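# Structure, please.
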Amino acid sequence: MSQFTAAVHSSCVVRSRFGIKISDQGEESMTRLSLQRGRKALTLALTLLLALAWLLPIPALANSSGATLYVPWAATGSQAAGQATGAAADAPGSVYVLTNQSSGNAVAVYSRAADGSLARVATVPTGGLGTGSGIGSQGSLILSDNGQWLLAANPGSNDLSVFAVQPGGLALTDRVASGGTLPTSVTHFKGLVYVLNAGGSGNISGFRLSNQGKLTPLPGSTQPLSNNGAGSAPAPAQVAFSPGGDMLVVTERATNQIDTYVVGSDGLASGPTVYPAAGVTPFGFAFTQQGTLVVSEAFGGAADASAVSSYALAQGSLRVISPSVPTGQTAACWIAVSKNGKYAYSTNAGSGSVSAYAVHPDGSLTLIDGRAGVTGDNSGPIDAMVSHNGQYLYVLNGRVPNIAAFALQADGRLVSLGVFAGLDPGAVGIAAW
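Numbering: from 1, shown residues only. Below you'll find the predicted structure:
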């Protein structure tokens, strides 16, 4: 409640900005008509104040370390609850990218206008280190489902950073060791966090995320990959929860396998159960809201040979639905799905393109257009994400580097909105609200 509104409800005598004196005891001299007019004027004033508050920019905020963190109208979970429908679907938001610099990792923050255009507004250090070059993964930077938390992997310092997403910007709340080496992918489900460590022999490791944004390691959660902890890691690319949070999935590029883990009610993962992938070099993946698992297949980077497969995941069992539907492009490595679950998009690093697929109710795939979006020659499109309102697809171009933006059409096709600069070489990961 604002001070202005609180004053009207107080028991003391208040004089509004319109000169109408209001008391809980009343005044003999004030007529009923005057009170009615005063209430109408007060309602109008409050409405105007709220409208002005929406239109005026938020001032910069400072965190406990004194760093200025400014993000115009960064949506939180409560603010964004209705953004997917009606007029709220056009509400502005934010897009985040990891700079991944070896001298110090940071989050590059872009404001997203209602028309989908971007403007870089801040750089917020993670407190950890990047690698300075690509890390071959999907999910190094993620938002929680409610948009309240941003989690970032620091592959150069073997730790994770957590940010609170506030109306005025990002506030770093914690940084903890990842439970392994070279953390490259992270996933979140209702306060449970798992990270994929791609260095050494590789593993997944779990944490609890508190309401204050603090990560606590989950004893007994660390599990090996398909190599059972022996030898070098099998080039894992991503870890993610299933939509219900009862399963974890990891893709392995070097072995052409997909690992699944059962997550118990205590948050502990058990496994893995290892399945052969439908195609070669399984890489990025995403679940539709209906539960279909869609996986990109780079096929070792062979020219025009990449594909996308779909799977059903139930009770720990993985079943192929559509095996290796070709993109006709090179090096399909990253995947994003539309919010309604009807379409999937692969970014093709070797072709400078984005392929669009229809995801049918039974989980099967049909290619709509192998070059539904074009990011440019030698652009090297990598990570991709659909905005929370479901209207825009943002693609990080690794070689340029910049962000290509597309408007999603009702039939799954893409309309280019241009590219937006402001990144340094080595940037990885993308999250969008």
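
# Name the nearest residue to residue 161, sequence neighbours excluded.
residue 126 (3.9 Å; CB to CB, 6 or more residues apart in numbering). Any C-beta I mention is one placed from the backbone N, CA and C, and that applies to glycine too.

# And residue 255, by the same measure?
residue 234 (4.5 Å).

# For residue 323, give its distance to residue 411.
When distance is defined by CB to CB, to the nearest Å, residue 323 is 25 Å away from residue 411.

# shouldn't the residue nearest to residue 161 be in contact with residue 105?
Yes. At 4.5 Å, residue 126 and residue 105 qualify as touching, with contact defined as CB atoms under 8 Å.

# what residues do these two have in common as contacts?
98, 152, 154, 161 (CB atoms under 8 Å, 6 or more residues apart in numbering).

# can you tell me the helix or strand for the second one?
It stands for residue 152. strand 149-154 (DSSP states H and E).

# Listing partners with orientation, what would you give for that strand?
strand 141-143 (antiparallel), strand 159-166 (antiparallel) (DSSP bridges).

# and residue 384, which of those strands is closest to it?
Closest of these to residue 384 is strand 141-143, at 12.3 Å (criterion: CB to CB).

# re the thing from before, and the residue nearest to residue 255, what does it touch?
Listed by CB under 8 Å, 6+ apart, the contact partners of residue 234 are 202, 225, 226, 227, 252, 253, 254, 255, 257.

# For it, give its distance to residue 257.
7 Å.

# Report the set of residues contacting both of the two.
In contact with both residue 234 and residue 257: residue 226, using CB under 8 Å, 6+ apart.

# wait, is residue 341 part of a strand?
No. If the criterion is DSSP: H, G, I helix; E, B strand; the rest coil, then residue 341 is coil and not within a strand.

# how about it, phi and psi?
phi 80, psi 10 (degrees, to the nearest 10).

# ok, what's across the strand from residue 152?
Beta-bridge partners, per DSSP bridges, of residue 152: residue 141, residue 161.

# helix, strand or coil for residue 403?
With three-state DSSP as the criterion, residue 403 reads strand.

# my guess is it meets residue 396, correct?
Yes. At 5.9 Å, residue 403 counts as touching residue 396 under the criterion of CB under 8 Å.

# list residues touching both of the two?
Counting by CB under 8 Å, 6+ apart, the residues touching both residue 403 and residue 396 are 97, 423, 430.

# List the contacts of the first one.
Going back to what we said before, that points to residue 97. So residue 97 contacts 107, 108, 110, 141, 396, 403, 423, 427, 428, 429, 430 (CB under 8 Å, 6+ apart).

# Likewise for the last one?
Taking CB under 8 Å, 6+ apart as the contact definition, residue 430 lies against 95, 96, 97, 141, 383, 384, 385, 394, 395, 396, 403.

# Touching, the fifth one and residue 138? I think so.
So that's residue 383. Yes. Assessed by CB under 8 Å, residue 383 is found in contact with residue 138 at 6.3 Å.

# Identify the contacts common to the two.
residue 334.

# between those two, who's got more neighbours?
Neighbours were counted for residue 383 and for residue 138 using other CB atoms under 10 Å; residue 138 has more, 31 against 28.

# With adjacent residues omitted, what lies nearest to that one?
residue 284 (3.6 Å).

# for the stretch 201-350 of the chain, what spans make up the strands?
203-209, 215-217, 236-241, 247-252, 257-263, 269-276, 282-287, 293-297, 307-314, 317-326, 332-337, 343-348 (DSSP state E, counting those that start in this stretch).

# Report the buried members of the contacts of residue 234.
Buried by 16 or more other CB atoms under 10 Å: 202, 225, 226, 227, 252, 253, 255, 257, out of the contacts of residue 234.

# Among these, name the ones in helices.
The members of the buried ones among the contacts of residue 234 all map outside helices under DSSP state H.

# Got the domain ranges for the chain?
Domain assignment of the chain by automatic domain parsing yields the ranges 3-55, 69-432.

# just to revisit the earlier point, just the ones in strands from the contacts of residue 97, please.
Secondary structure defined by DSSP state E assigns 107, 108, 110, 141, 396, 403, 428, 429, 430 of these to strands.

# Give me the neighbour count for the fifth one.
Read it as residue 396. Residue 396: 28 neighbours (other CB under 10 Å).

# Kindly report the same for the third one.
For residue 110, the number of neighbouring residues by other CB under 10 Å comes to 25.

# That one touches residue 422, doesn't it?
Yes. Counting by CB under 8 Å, residue 422 is a contact partner of residue 110 at 7.5 Å.

# Mutual contacts of the two, please.
residue 120.

# how close does residue 256 sit to residue 404?
29 Å.

# The two: who's more crowded?
Neighbours around residue 256 and residue 404, counted as other CB under 10 Å, are more numerous at residue 404. The numbers are 26 against 18.

# Going along the chain, name the strands of the stretch 51-200 of the chain.
Using DSSP E, counting those that start in this stretch, strands in the stretch 51-200 of the chain cover 61-62, 68-69, 93-98, 106-112, 118-125, 141-143, 149-154, 159-166, 169-177, 183-189, 192-197.
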